[in-house]
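**Q** fold the following for me, if possible:
(chains A, B and C)
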Amino acid sequence: MSKIAKLKKDYVILLIIGLLFAAFPLFIKTTYIYSFLIITFMYAALTVGWNIMGGYAGYFSFGHVAFVGAGGYLSAFLLLEYGWSPFLTAPLAGLLAGIIALLVGYPCLKLRGPYFSVVTLIVALAVQVVVVNIPGLDAPRGLFLPSPADNVLLSRMLLYEGMLVLLLISIAVAMYIENSRLGYGLYAIREDEEVAETQGVNTTELKLIGYIISAFLAGMVGSVFAWYQGFLAPDPMFELEISVLIVLMALIGGTYSWVGALGGAVVISIVREFLMIYVGAEASHILFGVLLIVAIMYLPHGAIKWAIDKKFSKSPKGCS
Amino acid sequence: MTELLQNLASGVMIGIVYALLSIGFSLSWGTLGVISIVHPAFAVLGAYIAYFSYHSFGFDPIASLLFTIPVFFFIGVAINSTLFNRLNTITKHVGFASMVVTFGMAITLESLMKFFFTADPRLLRIDYLRDLTLSLGGVSIASRYLVAAFIALITLAVIYYFLYSTYTGKAVRAVEQEKEGAAFVGINVMRVSSITYGIALASAGVAGLALAMVYPFEPPIHIPWLVIIFLVVIAGGVGSVVGTILTGLIVGLLFTLSGMVVPFSLVNLVIFLALIVVLIFRPKGIWSV
Amino acid sequence: MLSINNVSKQFGGIKAVNNVSFDLKPKEITGLIGPNGAGKTSLFNLISGLEHPDNGSIHYDQHDITHEKPHAISRIGIGRAFQIVRPYLGLTAKENLLAGLCFSGGVTDIKQATDEAERILEFVELSDKTNTLAYDLTLSEKKSLEIAKALSTNPQLLLLDECFAGLNPSEMSKKMELVNRIQKESSITILMIEHVMKVIMELSQRIVAMAMGEIISDGTPQEVCNDENVIKVYIGEGV
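**A** Just a heads-up that it's a prediction; the model follows:
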């Protein structure tokens, strides 16, 4: 079957699975489940998007949350100021994130390896400072956003559908890139950037494109996330932990494909949830730090060792 | 004019403390290849130890260093021989992996500190220093700044002496420059790494004490401190002792002088922009040729 | 074709390339020889854009490529195989060719690119390794892949850097036959750095010899071999 036909088939399968998940509100009426799914889908979408730069191009951003926060605040502002629904303004949030990526990406993408990671971390903190200090936004005091619907359950269901759509979009984009000219250019960059240049790959351009796409997806997620938060405070919206969690999820799940990214996000989300339930919020935080350490150290085979050692190298369509 | 001199003076002093805060981070990145995100969190812990030893137990906080330094050194050795050593065997991308691992440690440490010490801001106010100020040509400097800078300076001098005049110190520098080569000439890289990380954490503890005297602190402050460390280390050149010290001074001055020009909440932004500018034009550090 | 004019490049205190000039004739195989450190690979780096000359200019088919970026030079039609093989280790042999094809090779469709990749692999006799990870290939296979990668960029000028080092005699004659085939079937101009004399003598129509960053001889293989400057540099004075 030709690659185009296969892609179309994959899209159809994705759509069907998506519709199945979308039908949940018909049967499931527990608010808690939707909260869990919203956050899980959020991390899944973010990790899949992050992986476009991290897994495909080998550029590990430790500041992905910047795009989430910036997009979130833009949507919040538009909601408060004009009453526009964050579902509709999500593309604008994505656009803002994309612009930030363009501005920031140009200097940052010249750096390699840990330097790039460190700088993206700093840039995320810088974006937070900028957003918090925007005159007229009054971010530090906290912004109260009106709920999507009158009762909590319905609100959660709507946000759930929104996040589901964003996750499906992120996966669809990743699927497309994985088997495209852009994708193979990014893999070449990951494997040997200098050689890629001598093969006609305009590495600067491709990296920027990948970074902007990745940011755009995260920005959109930000707008739904903000609405879910309800009350926007700068620290939770720009939490460093979100950035690091994304990296962890991708590493654990496997950076070779969106499948790994999705898997890692789901697994870690479930683990976090268990910790929260059985140990309580504070202790779970402590334990989670420990878990982070243990996870990196003791996954002997499988995704992490593969991903890091072979330079995130599992062939995209599954190697022989 | 006086204000300028005032800020210059305090900038230099806080700069020395920043240099001490960053030197351990620079050494661990340079010698072990580990980006130790938990470094400032240990400084915060050192700050708490100094604070409680004085305010709760009445010990001279400087005496608390007798506890902090060896204990932190030991913890550093332990962490390196277990965690980082293992990291080296399972991956060659120690940089990324160490960022995630040490971030985990930082979360755990921050949460523990929040739990035991609460999130209330603390400031180490030493009675016998409280009203002492030094007046120099119209500029008055609070003695706590002087003492903090003095402590930092002594510690930096000790570290410098260690690195340049002792055999082990030279071994540390050798490993930093050429790990395999160092192993070839018989240097026990593992032992050197552990010593390096032990020194790194110990110096963080001392830096914590110095910072506790100067600014209020609470558990989450390790993140803003991390930013300062990044700036000093990257702009100063990873692994370079002299670079770290000089850049620490510059950052300290940047901090206090920019506070004269922009509102406080934006001072951090100035620091960020400075770092980004340095990275664009001089990714190997401002002192590199 | 390729025209190098008074090109110089200095690294610190060392003049890696010192006032080098020569023109390549199209469709010829030209050998580039010289002892280690003569500046041959540096010259390649200058041509392919990984470095830029301090003085002088390089022209390719009327384009001034002296200060162009590597990806632009690749797209104009200069392909390169590296001395120490640099395959995309995490990708299969077939996937290794896709980037070159899509970006320099002028192929827009992935399906088309895949077909073309398979054709190239067949040409370099690596068909049985199409879906093997480059990481798992032998050195000889990696060297074939290196040439295949260069071919995937649809070059008119191919820069081969020591492709014959480390091969056993049978691998060597296979590869020589491959190089000949490349020249004959695709009319590609080839500039090859080589230390293996047998290969250079048999394959090249012309040889340029370098030492200490300068050209010391330029002519037919016979001429250059008998040039006393060349002999001096390889074997020493007093011969």
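**Q** what's around the nearest residue to residue C:49 once chain neighbours are set aside, how many residues?
**A** Spatial nearest neighbour of residue C:49, excluding adjacent residues (Cβ to Cβ, 6 or more residues apart in numbering or on different chains): residue C:70 at 3.8 Å. Using the backbone N, CA and C atoms, a C-beta is placed for each residue, glycine as well. If you count neighbours by other Cβ atoms under 10 Å in any protein chain shown, residue C:70 ends up with 24.
**Q** which ones are touching residue C:70?
**A** A:194, A:197-198, C:48-50 (Cβ atoms under 8 Å, 6 or more residues apart in numbering or on different chains).
**Q** in helices, which of the residues you listed fall?
**A** A:194, A:197-198, C:48 (DSSP state H).
**Q** buried set for whatever helix or strand residue A:285 lives in?
**A** Per DSSP states H and E, residue A:285 falls inside helix A:281-298. Counting neighbours by 16 or more other Cβ atoms under 10 Å in any protein chain shown, one finds that the buried residues in helix A:281-298 are A:284-289, A:291-293, A:295-297.
**Q** now stretch B:79-90
**A** Buried residues in stretch B:79-90 (16+ other Cβ under 10 Å): B:79-81, B:83-84, B:87-88, B:90.
**Q** can you tell me the SS state at residue A:40?
**A** helix (DSSP: H, G, I helix; E, B strand; the rest coil).
**Q** contacting residues for it?
**A** By Cβ under 8 Å, 6+ apart, the neighbours of residue A:40 are A:265-266, A:269-270.
**Q** so how far is the helix or strand of chain B with the lowest mean pLDDT from its chain's centroid?
**A** Ranked by mean pLDDT, DSSP states H and E, the helix or strand of chain B with the weakest confidence is strand B:133-136, at a mean of 71. With Cα atoms, centre = their mean, to the nearest Å as the basis, strand B:133-136 stands 27 Å off its chain's centre.
**Q** just for the chain, where's the confidence low?
**A** I'll assume chain A. A:1-4, A:298-320 (pLDDT under 70).
**Q** not quite, go with chain C.
**A** Those would be C:235-239, if you go by pLDDT under 70 across chain C.
**Q** residue of it closest to chain A, please.
**A** Nearest to chain A in chain C, going by Cβ to the nearest Cβ, is residue C:90, at a distance of 2.4 Å.
**Q** what is the neighbour count of that residue?
**A** For residue C:90, using other Cβ under 10 Å, the count is 24.
**Q** quick check: residue C:191 is in a helix.
**A** No: Residue C:191 is assigned strand when assessed by three-state DSSP, not a helix.
**Q** my read: residue A:107 touches residue B:276, true?
**A** Yes: using Cβ atoms under 8 Å, residue A:107 is in contact with residue B:276, at 6.5 Å.
**Q** for stretch A:72-86, what is the distance to the chain centroid?
**A** On Cα atoms, centre = their mean, the centre of stretch A:72-86 falls 21 Å from that of its chain.
**Q** residue contacts, the residue nearest the centre of chain A?
**A** For chain A, the residue lying nearest the average C-alpha position, counting by Cα atoms, centre = their mean, turns out to be residue A:46 (1.0 Å). By Cβ under 8 Å, 6+ apart, residue A:46 lies in contact with A:64, A:68, A:217-218, A:221, A:242, A:246, A:265.
**Q** burial count for residue A:9?
**A** Quick note: residue A:9 (other Cβ under 10 Å) scores 11 neighbours.
**Q** that one: what secondary structure?
**A** Applying three-state DSSP: residue A:9 is helix.
**Q** distance of it from chain B?
**A** Remark: distance between residue A:9 and chain B (Cβ to the nearest Cβ, to the nearest Å) = 35 Å.
**Q** is it true that residue B:245 touches residue B:21?
**A** No: Residue B:245 is beyond contact range of residue B:21, at 11.5 Å (criterion: Cβ under 8 Å).
**Q** would you quantify the distance from the nearest residue to residue B:244 once chain neighbours are set aside to residue A:202?
**A** Distance criterion Cβ to Cβ, 6+ apart; nearest residue to residue B:244, sequence neighbours excluded, is residue B:236 at 4.5 Å. As judged by Cβ to Cβ, to the nearest Å, residue B:236 and residue A:202 stand 33 Å apart.
**Q** thinking again about what came up before, right, is the helix holding residue A:285 up against chain B?
**A** Yes: using Cβ under 8 Å from any Cβ of the partner chain, helix A:281-298 reaches chain B at A:282, A:285-286, A:288-293, A:296-297.
**Q** with those residues in mind, which one is nearest to residue A:235?
**A** Closest approach between the residues of helix A:281-298 next to chain B and residue A:235, by Cβ to Cβ: residue A:285, at 14.2 Å.
**Q** quick one: residues contacting that closest one.
**A** Residue A:285 sits in contact with B:107, B:111, where contact means Cβ under 8 Å, 6+ apart.
**Q** figure out the helix or strand that residue B:173 lives in.
**A** helix B:167-177.
**Q** mind giving me the packing neighbours of that helix?
**A** Applying 3 or more Cβ pairs under 8 Å, 6 or more residues apart in numbering or on different chains; DSSP states H and E, one finds that helix B:167-177 contacts helix B:143-165, helix B:179-184, helix B:189-214.
**Q** outside of the shortest one itself, list whatever touches it.
**A** Applying Cβ under 8 Å, 6+ apart, the external contacts of helix B:179-184 come out as B:171, B:174-175, B:189, B:192.
**Q** rerun that using 7 Å as the cut-off
**A** B:171, B:174-175, B:189 (Cβ atoms under 7 Å, 6 or more residues apart in numbering or on different chains).
**Q** return the helix holding residue A:285 as CSV; C-alpha atoms alone will do.
**A** Extracted in CSV, the C-alpha atoms of helix A:281-298 (Å, rounded to 0.1, in the frame of the first residue of the first chain):
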residue,chain,number,x,y,z
ALA,A,281,-0.7,15.7,47.5
GLU,A,282,2.3,16.7,49.5
ALA,A,283,3.8,13.3,50.0
SER,A,284,3.1,12.5,46.3
HIS,A,285,5.2,15.4,45.3
ILE,A,286,8.1,14.1,47.4
LEU,A,287,7.7,10.6,46.2
PHE,A,288,7.4,11.7,42.6
GLY,A,289,10.8,13.3,42.7
VAL,A,290,12.1,10.0,44.0
LEU,A,291,10.3,8.2,41.2
LEU,A,292,11.8,10.5,38.6
ILE,A,293,15.2,9.5,39.9
VAL,A,294,14.4,5.8,40.0
ALA,A,295,12.8,5.9,36.5
ILE,A,296,15.8,7.3,34.9
MET,A,297,18.3,5.2,36.7
TYR,A,298,16.7,1.8,36.6
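**Q** so, low pLDDT: which residues of the stretch 151-289 of chain B?
**A** B:289.
**Q** output the set of residues of it in proximity to chain C.
**A** Among all residues of the stretch 151-289 of chain B, none is adjacent to chain C (criterion: Cβ under 7 Å from any Cβ of the partner chain).
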